[in-house]
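> sequence-free structure coming up:
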């Protein structure tokens, strides 16, 4: 189901150079990065799309997704824990 949501969000993108099917291939990364939260996923993809438009690339890559800072809860979820 999470991959289906990613696919639906990707299909809604109106970016000139984005290749369909790119984002669903990163489903495991996206799930881990957003802690499986749909709200965090939509914010991540929206911000990456805005960046793609403003920088002229018109596509979303994993590198672009990595550069987006997410909400506090998602960022805390993905941080590695320190061993003591």
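Happy to help now that I have it. Since we're looking at a predicted model, the values are computed, not measured.
> mind telling me what element residue 46 is part of?
helix 38-54 (DSSP states H and E).
> so how far is the following helix or strand past that helix off the chain centroid?
Downstream of helix 38-54, the first helix or strand assigned by DSSP H and E is helix 62-67. Distance of helix 62-67 from its chain centroid, counting by CA atoms, centre = their mean, to the nearest Å, is 8 Å.
> pLDDT on helix 62-67, on average?
For helix 62-67, the mean per-residue pLDDT is 93.
> and it, what does it pack onto?
helix 27-34, helix 38-54 (3 or more CB pairs under 8 Å, 6 or more residues apart in numbering; DSSP states H and E). Glycine gets a C-beta too; all of them are placed from N, C-alpha and C.
> show me what the last one is packed up against.
By that I understand helix 38-54. Using 3+ CB pairs under 8 Å, 6+ apart: helix 38-54 touches helix 2-11, helix 27-34, helix 62-67.
> can you list contacts of the first one?
When you say that, I think you mean helix 2-11. 18, 20-24, 26-27, 30-31, 36, 38, 41-42, 45 (CB atoms under 8 Å, 6 or more residues apart in numbering).
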